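Enquirer: Please find the sequence and the predicted model below.
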Amino acid sequence: MSATALLLWIGTAVIVAAVLQLRRAWGLPRRSTAANTIGWTLLLTGAILALAGNGAWGLAVASLAGMATAALLLAHAGWTAPKGKGRASDRKAHMLPKRGEPRALGRRLLTFLLTVPLAFAASLLAALGARALAGMAGWSDADGNAMTLLLLPLLWGILAFWLLMLPRRRAQWTCLAVPATIGLGLIFIGGAA
Amino acid sequence: MTLAISKDAVQRALSGHAAIGLLASALLYLICLTGTVVVFYQEWQRIEQPDAPEMAAIDPDAVQRGVAAVLATEQGKPATTHLYVHMPVESLPRTTITTDHQAFHIDAAGKIAAPEENAWSEFLLGAHYALNIPGLVGMTIVGIFGVMILALSLSGVVAHPRIFRDAFRLRARDNHGVGLADWHNRLSVWTLPFSLAIALTGSMIGLGVVGAYGLAAAFYKDDVEAAYAPIFGEEHGADPTPAPLANVAAPLAWLAKNHPEVRPTYVILHDPGTRGQHIQLIAEHPRRLIYGETYQFGADGHYHGKVGLSDGHLGQQLAASTYNLHFGNYGGLPIKLAYILFGLALTVVVATGTSIWLGKRQRRGLHEPRLRAGWDGVIWGVPLALALTFLARLILGNGAPLIAIFWTLTIAIPLLAIAVPAPRPKRLLQYLLGASLALALASWFVV
């Protein structure tokens, strides 16, 4: 067995051990920082070993093994769970108006516009701004362009989530304007066509 | 020290989670389900056309003969600009030549054996990739849904402060919504790395063209190909002057001699039979996430260099890794089975999300039989439509209008359920799904 394959096997085994340790830690009657830390440290160590062994491929394979272990533990938990009478959470999502409340369609439509098309535009500008900055820092076109393609959905997803977390419209507009303006500025400085 | 999230933040995250989830639920469910089924894209092709010739490997000279034979059938048609030879690989041990006009399987000697008939596999891939919408619109829409999974994952974690603490608790036998919520939360937390990887790679693929247009507008004078070229290599200029067919065998022989550790998956012949023709070989590298390296050759078969997807810039390696990481074809059957399992888990997470929301409303006294029946129509109607479409492929053949059948059923079943909500259609749809799956299996054995 090659050294890289050995590292991958050890990394995978450590990740599986990490999942088992987290299962033990989270099942303790009282929260134990030490037990949790051991679990997370094992997880990180396993990931590093798998990465060192076979790069991104090794990390992907070892992660699947960890998730499969968790799936088995969950299957066991589900299989052995007694028939309960617990009441489900009735937390309201406040998605739709209560009876008699105004529908606030305009407010909802504006939230949609902010989180979908405008957040997309802001993310695209920010990703292109990062590409301009990378170009100025001497990155290759390949690295800069690939980073842009990665950043576009990543920033959009984070921005959409963050906008929904903000309680005020003014904060939402600011949250959109800042990355968009910085991105636009960088595109102009960094040599737009 | 503990990291506590304020009650307000948790409530806002829950609202955002519910808003995105409900907005996206039906199509997101369809994308996740078709994505799970299409993990076996190569295996489906073997199921669809079981009698196509199979081989573990093919001689380079046989490939040359096959290319010449296929091109000879195209006299009088507009010239093919790209000819692809699918090389035999472990999960699809077939040699298939595709031109701009047609596709044929060839046998191990390079003779044309039969036309390729994989309409179901292509339909399935198209449904997942682009909701069967032609052009770039469908891909972009699917990419947006990938972004929604990212936002749903983030908001879901923040909305459930105990989500990690309870990660191993599954009260599967509880009624009144507890079991449903546990399934939703447990599957989502343990598939989180998978879901994030799938969502990010899927949205990168789906929104790639939009990003490339942005790059082209900002840095490449609106030339989209120039934006892709630093990553995937550039297209050579065409010269339509007729010329003898390129030597396809020599590059294959060169690769076998100089890189015996890699396995060719595709031969791409650009502008065959012209002076501008050139050859690209795509070869899989073992234990890598990249879909392959592109080796480039001239018409005479001489090696001109490689693009650098395997060892070039980090950006090239990253971009080339998105496809395999998304589709799960980087480690044979065990990885594919893991993707089926986690893909199914993600599909269940999406399905149960809306069901939880409907259940809460019902427990608050809001009886909405049409809404619930409509959601039943989505959850059970989409797999039923898929099964019936597969059945149509088996019975009517490769020319069956699969896209029309699938989308008509996918839209009609929930609408019918909304129109006739009582008795609740869930059980009937489950029976129909079981029956259609059994019928499809029986038909496959018979046909």
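Expert: Perfect, I can see it now. Keep in mind that what you see is a predicted model, and the values were worked out from it rather than measured.
Enquirer: Name the secondary structure element that contains residue A:17.
Expert: Per DSSP states H and E, residue A:17 falls inside helix A:3-26.
Enquirer: Tell me the helix or strand right after that helix.
Expert: helix A:33-80.
Enquirer: so what does that next one touch, helix or strand wise?
Expert: For helix A:33-80, the elements it packs on are helix A:3-26, helix B:178-190, helix B:192-206, helix B:314-327, helix B:332-363, judged by 3 or more CB pairs under 8 Å, 6 or more residues apart in numbering or on different chains; DSSP states H and E. Backbone N, C-alpha and C define where each C-beta goes, glycine included.
Enquirer: averaged over its residues, what pLDDT does it have?
Expert: Here helix A:33-80 scores 94 as its mean pLDDT.
Enquirer: and the angle for it with helix B:178-190?
Expert: 130 degrees (axes from the mean of the first three to the mean of the last three CA atoms, to 10 degrees).
Enquirer: For chain A, give me its nearest residue in the stretch 301-447 of chain B.
Expert: Of all residues in the stretch 301-447 of chain B, residue B:315 sits closest to chain A, at 3.0 Å by CB to the nearest CB.
Enquirer: give me the low-pLDDT residue ranges for chain B?
Expert: B:1-4, B:176 (pLDDT under 70).
Enquirer: give me the number of residues near residue 11?
Expert: Just so you know, I chose chain A. For residue A:11, the number of neighbouring residues by other CB atoms under 10 Å in any protein chain shown comes to 27.
Enquirer: The chain in question should be chain B.
Expert: 15.
Enquirer: Buried residues, stretch B:238-245. List them.
Expert: Using 16 or more other CB atoms under 10 Å in any protein chain shown as the test for burial, stretch B:238-245 gives residue B:245.
Enquirer: hey, C-alpha coordinates of the helix or strand of chain A with the lowest mean pLDDT in CSV?
Expert: Between all helices and strands in chain A, the lowest mean by mean pLDDT, DSSP states H and E belongs to helix A:105-113, at a mean of 88. Written as CSV, here are the backbone C-alpha positions of helix A:105-113 (Å, rounded to 0.1, in the frame of the first residue of the first chain):
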residue,chain,number,x,y,z
LEU,A,105,-47.7,42.0,-0.7
GLY,A,106,-45.6,45.1,-1.5
ARG,A,107,-43.3,44.4,1.4
ARG,A,108,-43.0,40.7,0.5
LEU,A,109,-42.3,41.6,-3.2
LEU,A,110,-39.6,44.0,-2.2
THR,A,111,-37.9,41.4,0.0
PHE,A,112,-38.0,39.0,-3.0
LEU,A,113,-36.4,41.6,-5.2
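Enquirer: Touching it from outside, list them.
Expert: If you take CB atoms under 8 Å, 6 or more residues apart in numbering or on different chains as the criterion, helix A:105-113 is touched by A:163, A:164, A:169, B:19, B:23.
Enquirer: ok, how many other residues are close to residue B:318?
Expert: So residue B:318, with other CB under 10 Å, has 22 neighbours.
Enquirer: got a list of what it touches?
Expert: So residue B:318 contacts A:146, A:150 (CB under 8 Å, 6+ apart).
Enquirer: Looking at the helices and strands packed on helix A:33-80, which is nearest to residue B:168?
Expert: When the helices and strands packed on helix A:33-80 are ranked by proximity to residue B:168, the top entry is helix A:3-26, at 5.1 Å, counting by CB to CB.
Enquirer: circling back: considering the contacts of helix A:105-113, which is situated nearest to residue B:173?
Expert: Nearest member of the contacts of helix A:105-113 to residue B:173, counting by CB to CB, is residue B:19, at 31.0 Å.
Enquirer: now, which of the contacts of helix A:105-113 lie within strands?
Expert: Per DSSP state E, strands hold no members of the contacts of helix A:105-113.
Enquirer: would you turn those residues into TSV with neighbour count and distance to residue A:69?
Expert: Output for the contacts of helix A:105-113, formatted as TSV (neighbours: other CB atoms under 10 Å in any protein chain shown; distance: CB to CB, whole Å):
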residue	neighbour count	distance to residue A:69
A:163	22	36
A:164	22	33
A:169	12	45
B:19	21	34
B:23	15	34
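Enquirer: farthest-separated two in those?
Expert: A:169 and B:23 (19.7 Å).
Enquirer: quick one, what contacts residue A:47?
Expert: By CB under 8 Å, 6+ apart, the neighbours of residue A:47 are A:11, A:15, A:59, A:62, A:63.
Enquirer: Report how many residues lie close to the third one.
Expert: Residue A:59 is flanked by 23 other residues according to other CB under 10 Å.
Enquirer: just checking, it touches residue A:53?
Expert: No. Using CB atoms under 8 Å, residue A:59 makes no contact with residue A:53, being 9.0 Å away.
Enquirer: State the distance from residue B:103 to residue B:148.
Expert: 35 Å (CB to CB, to the nearest Å).
Enquirer: and chain A, what are its domains?
Expert: Annotated domains of chain A cover A:3-76, A:105-192 [automatic domain parsing].
Enquirer: mind giving me a markdown table with the ones you listed and columns for distance to residue B:281?
Expert: Converted to a markdown table, the domains of chain A look like this (distance: least, CB to CB, whole Å):
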| stretch | distance to residue B:281 |
| --- | --- |
| domain A:3-76 | 21 |
| domain A:105-192 | 20 |
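Enquirer: Is residue B:355 in contact with residue B:375, as I believe?
Expert: Yes. Contact status for residue B:355 versus residue B:375: in contact at 6.8 Å, counting by CB under 8 Å.
Enquirer: Show me which of the two is the more surrounded one.
Expert: Taking other CB under 10 Å, residue B:355 and residue B:375 do not tie; residue B:375 has more neighbours (24 against 21).
Enquirer: contacting residues around the more buried one?
Expert: Applying CB under 8 Å, 6+ apart, the residues contacting residue B:375 are B:354, B:355, B:358, B:414.
Enquirer: hang on, the third one packs against residue B:374?
Expert: Put plainly, it is residue B:358. No. Between residue B:358 and residue B:374 there is no contact under CB under 8 Å: 9.9 Å.
Enquirer: Residue B:103 and residue B:148: which has the busier surroundings?
Expert: A count of neighbours by other CB under 10 Å puts residue B:148 above the other of residue B:103 and residue B:148, at 25 against 15.
Enquirer: residues of the helix or strand containing the more buried one that come out buried?
Expert: Element membership of residue B:148, judged by DSSP H and E, is helix B:136-159. For helix B:136-159, a neighbour-count test (16+ other CB under 10 Å) marks B:138-159 as buried.
Enquirer: Tell me which ones among those residues also neighbour chain A, please.
Expert: B:143, B:144, B:146, B:147, B:148, B:149, B:150, B:151, B:154, B:155, B:158 (CB under 8 Å from any CB of the partner chain).
Enquirer: now the fifth one, nearest residue through space, not along the chain?
Expert: Put plainly, it is residue B:148. Spatial nearest neighbour of residue B:148, chain neighbours left out: residue B:24 (4.6 Å); criterion: CB to CB, 6 or more residues apart in numbering or on different chains.
Enquirer: Can you get me a residue count around the one you found?
Expert: Residue B:24 sits with 21 neighbouring residues when counted by other CB under 10 Å.
Enquirer: Touching, it and residue B:150? I think so.
Expert: No. Using CB under 8 Å, residue B:24 is not in contact with residue B:150; the gap is 11.6 Å.
Enquirer: so what does the one helix or strand residue A:128 maps to touch, helix or strand wise?
Expert: Secondary structure from DSSP H and E places residue A:128 in helix A:119-136. If you count contacts as 3+ CB pairs under 8 Å, 6+ apart, helix A:119-136 packs onto helix A:141-165, helix A:169-189, helix B:208-219.
Enquirer: Now do the buried residues in the shortest one.
Expert: Under the neighbour-count criterion of 16+ other CB under 10 Å, helix B:208-219 has B:208, B:209, B:210, B:211, B:212, B:214, B:215, B:216, B:217, B:218, B:219 buried.
Enquirer: Only C-alpha atoms, please: export stretch B:440-447 in PDB.
Expert: What follows is stretch B:440-447 as a C-alpha-only set of coordinates in PDB (Å, rounded to 0.1, in the frame of the first residue of the first chain):
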ATOM      1  CA  ALA B 440     -41.600  -0.800 -15.400                       C
ATOM      2  CA  LEU B 441     -39.400  -3.600 -14.000                       C
ATOM      3  CA  ALA B 442     -41.600  -6.300 -15.600                       C
ATOM      4  CA  SER B 443     -41.600  -4.400 -19.000                       C
ATOM      5  CA  TRP B 444     -37.800  -4.200 -18.900                       C
ATOM      6  CA  PHE B 445     -37.600  -8.000 -18.500                       C
ATOM      7  CA  VAL B 446     -40.100  -8.500 -21.300                       C
ATOM      8  CA  VAL B 447     -39.100  -5.800 -23.900                       C
END
